[in-house]
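Need a 3D model of the following:
(2 chains)
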Amino acid sequence: MPAFDLREFLLLAPEILLAIGGLALLLAGSVGRGVPGRVAASLSLFFLVATALLVLTVEEVGPEPRLILGSSFVLDGFARFFKLVILAGTALTVLISVRFVDDGAYRAGEYHALLLLATTGMMFMVGGFNLVSIWIALELMALSSYILAGYFKRETRSNEAALKYFVLGALSSAILLYGASLLYGATGELRLDLLAAALPEAMVTGRLLVPTGWLMLSVGLLFKVAAVPFHVWTPDVYVGAPTPVTAYLAAASKTASFAILVRIFVQGLPTLLPDWQIVIAAVASVTMIWGNLAALTQTNVKRMLAYSSIAHAGYVLLGLLAASVIGLWSVAFYLLAYTFITLGAFAMVVVLERREYAGEEVSDYAGLARRAPWLAAAMLVFLLALTGIPPTGGFVGKVYLFAAAVEAGWTWVAVIGVLTSAISLYYYFSIAVQMYLKESTRDTPEPLGSPALTAAIATCVVATLVLGLFPGPFIEFAQAAGLPLP
Amino acid sequence: MLEITTNHYLVLGFILFAIGLVGLVVRRNLIVVLMSIELMLNSVNLNLIAFSHQLADLAGQVFAVFTITVAAGEAAVGLGILLALYRLRGTTEIDVPSELRG
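Sure thing, here's the model as predicted:
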């Protein structure tokens, strides 16, 4: 057993602070009449910012990854990068939640508590280096997300979303866990690096255990990132969940799941690289094709963004498929850009949305450019970025992902990516057409902003444009998040 | 006399997992779905403990203890969601026409 130093707990200070914040909000929210929405949101933001500062100061990241607490967790550039992206995504989610939580006549304390606890799970997950710690962190994230999806507990739609998410999420967790148990049985190791070292020998002795194990593990992980054919939960959950929660699932949850998918494949299963590349190539292709085709026929903006988020999972898989240095940092860069783009797009949905889910149709955007030119311009930026048109972060990210795939010899998958991006132009711009070329009617909902929402949208627009115009420093930041390649 | 080996436990674990999987896909009552999920998680525990015994390595048992804990949390969340839905619709069947298209 490796030495166990209690002082190593200090290195987990960011996660511990966030967990304390979540529990404190939970406690405060259940005493008496609970905390007012704005107070809860401010506290939540405070804890997120403090955690981000701790990540930057306390966690010493050297050139070599540092294993802590009996090698349950690892401190490296990869974990630090994704922790910061996840915290940024959660902070923006808090901003776009303020009005929603005030409106809903539900307790604000528990909403923010669950948000912070789910984020704690994500941070532990991207820093996990052991199948046990990764799995528990994943469950912390998933269990909190199930409840968040059903946060509007008196609305049938939100409840059904929670139910569907729970049943299919539990199924995927069980499959993932079964796969993990088989890999443990074949190698006798739970630590990712030791698992990787023991795999070549295990592939000879445990001929059935290893392939079944890693395939089931992959199914569980691909479910979490919503890749086709494991995406069936996504449209319904994204539509039924409260919109800020949808944004959170599409941005932070997806980023964290991708991070751990990459870590497990690159650090835990490098021996199987040629095998999993074939699986990822197939999954990435059908994900890009089906995600974009299904989005074409959608008239509900949330559902369209759900399919768009499926399609984007396909693009990100290209970077993993390449399994090269450029592939891995382009995954990191794209997830950074995608967090801001997708949160911005969902923030726009929140602006137009009313109780009883009005304002979610594409036609509700009619004439927005005349009534609220700045909001329409912001939406246009997000649509450009989602399609991958310069000068946005979405363009830069996609270029590097496709370049990485081509460089690694997966040209046909990259070609599918480019073609399906062209298809996506059609449905993203149906919204732009409504905003700029159609006239509004009396039924069109008025945009209803709040200072917090405006701040969130402005941040997302600025970030999307800065990532597109001056990607240099951010690419360097993403390059620091590289993992050692096999 | 038949000797019980790790393989026997693995086969049992696989059968339990398959029963849970089929139950989750086929059955429409939410309580049964919750039970199926528990069955799948417990089949994993059986696997882990069998491997732990075979490898003479404690980590598998530790993993199983954590799995049991998480399964309890999962059941609590599942029952909470089930209760909220029951209050709205008065049934625990999934088949009832729903607002989400699928």
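
any weak-confidence spans in the stretch 351-486 of chain A?
For the stretch 351-486 of chain A, residues meeting the criterion pLDDT under 70 lie at A:355-358, A:442, A:486.

Show the residue spans covered by the helices in it.
Applying DSSP state H, counting those that start in this stretch to the stretch 351-486 of chain A gives helices spanning A:368-371, A:373-387, A:393-407, A:411-437, A:451-469, A:472-479.

residues contacting residue 93?
Picked chain A for this. A:115, A:244-245, A:247-248, A:251-252, A:343 (Cβ atoms under 8 Å, 6 or more residues apart in numbering or on different chains). Glycine gets a C-beta too; all of them are placed from N, C-alpha and C.

wrong one, I was asking about chain B
Counting by Cβ under 8 Å, 6+ apart, residue B:93 touches B:28-30.

Would you mind giving me the confidence score for it?
Residue B:93 is assigned a pLDDT of 77 by the prediction.

One more: residue A:115?
95.

how about it, what does it touch?
By Cβ under 8 Å, 6+ apart, residue A:115 lies in contact with A:22, A:44, A:90, A:93-94, A:97, A:144, A:148, A:248.

Go again with 10 Å.
A:22, A:25, A:40-41, A:44, A:48, A:90, A:93-94, A:97, A:144-145, A:148, A:151, A:244-245, A:248, A:252 (Cβ atoms under 10 Å, 6 or more residues apart in numbering or on different chains).

residue ranges with poor pLDDT in chain B?
Within chain B, the stretches with pLDDT under 70 are B:1, B:95-102.

where along it do the strands fall?
Assigned strands in chain B: none (criterion: DSSP state E).

which one's the longest helix in it?
helix B:59-89 (DSSP state H).

That one near chain A at all?
Yes - Helix B:59-89 comes into contact with chain A (Cβ under 10 Å from any Cβ of the partner chain), by way of B:59-60, B:62-67, B:69-71, B:73-78, B:80-89.

now the stretch 151-300 of chain A, which segments are flagged as low pLDDT?
Within the stretch 151-300 of chain A, the segments meeting pLDDT under 70 span A:206.

Neighbours of residue A:330, how many?
Using other Cβ atoms under 10 Å in any protein chain shown, residue A:330 has 30 other residues around it.

actually residue B:62, not the one I wrote
14.

re earlier: list the ones among the contacts of residue A:115 that fall in helices.
A:22, A:25, A:40-41, A:44, A:48, A:90, A:93-94, A:97, A:144-145, A:148, A:244-245, A:248.

for those residues, which one is nearest chain B?
Nearest to chain B out of the ones in helices among the contacts of residue A:115 is residue A:144 (Cβ to the nearest Cβ; 8.8 Å).

which residues touch that closest one?
Per Cβ under 10 Å, 6+ apart, neighbours of residue A:144: A:22, A:113-122, A:253, B:77.

Closest one of these to residue A:7?
Nearest to residue A:7 among these, counting by Cβ to Cβ, is residue A:120 at 20.9 Å.

Who are the contact partners of that closest one?
A:14-23, A:51, A:137, A:140-141, A:144.

Equivalent analysis for residue A:338, please.
Each residue near residue A:338 by Cβ under 10 Å, 6+ apart is listed here: A:85, A:89, A:250-251, A:254-255, A:258, A:309, A:312-313, A:315-316, A:385-386, A:393-394, A:397-398, A:464, A:467.

any idea how far it is from chain B?
25 Å (Cβ to the nearest Cβ, to the nearest Å).

Quickly note the distance from residue A:170 to residue A:134.
Distance of residue A:170 to residue A:134, computed by Cβ to Cβ, to the nearest Å: 17 Å.

Residue A:441: neighbour count?
When neighbours are counted by other Cβ under 10 Å, residue A:441 comes out with 10.

pretty sure it is in contact with residue A:365, am I right?
No - contact criterion Cβ atoms under 10 Å: residue A:441 and residue A:365 do not qualify, at 11.9 Å.

Tell me which helix or strand the residue in the stretch 251-400 of chain A that chain B sits nearest to sits in.
As assessed by Cβ to the nearest Cβ, chain B sits closest to residue A:303 within the stretch 251-400 of chain A, at 8.9 Å. Taking DSSP states H and E as the definition, one finds residue A:303 inside helix A:301-322.

Centre of the chain to that helix, how far?
Helix A:301-322 sits 11 Å away from the centroid of its parent chain (Cα atoms, centre = their mean, to the nearest Å).

burial of residue A:297, as a residue count?
Residue A:297 has 10 nearby residues by other Cβ under 10 Å.

Please disregard the earlier target; I meant residue A:374.
By other Cβ under 10 Å, the burial measure for residue A:374, its neighbour count, is 14.

try residue B:5
Using other Cβ under 10 Å, residue B:5 is surrounded by 11 other residues.

next one: residue B:53
With other Cβ under 10 Å as criterion, residue B:53 counts 13.

Quick check: it touching residue B:61?
Yes - the criterion here is Cβ under 10 Å, and residue B:53 meets it with residue B:61 at 8.6 Å.

give the contact list for the nearest residue to residue A:139 once chain neighbours are set aside.
Counting by Cβ to Cβ, 6 or more residues apart in numbering or on different chains, residue A:139 lies nearest to residue B:70, which is 4.8 Å off, once chain neighbours are set aside. Contacts for residue B:70 were tallied using Cβ under 10 Å, 6+ apart; they are A:135-136, A:138-140, A:142-143, A:173, A:177, B:41.

go on, residue A:73?
A:8, A:11-12, A:15, A:66-67, A:79, A:123-124, A:126-130, A:133-134, A:137 are the contacts of residue A:73 under Cβ under 10 Å, 6+ apart.

If we use 8 Å, what do you get?
Contacts of residue A:73 (Cβ under 8 Å, 6+ apart): A:12, A:67, A:79, A:124, A:127-130, A:133.
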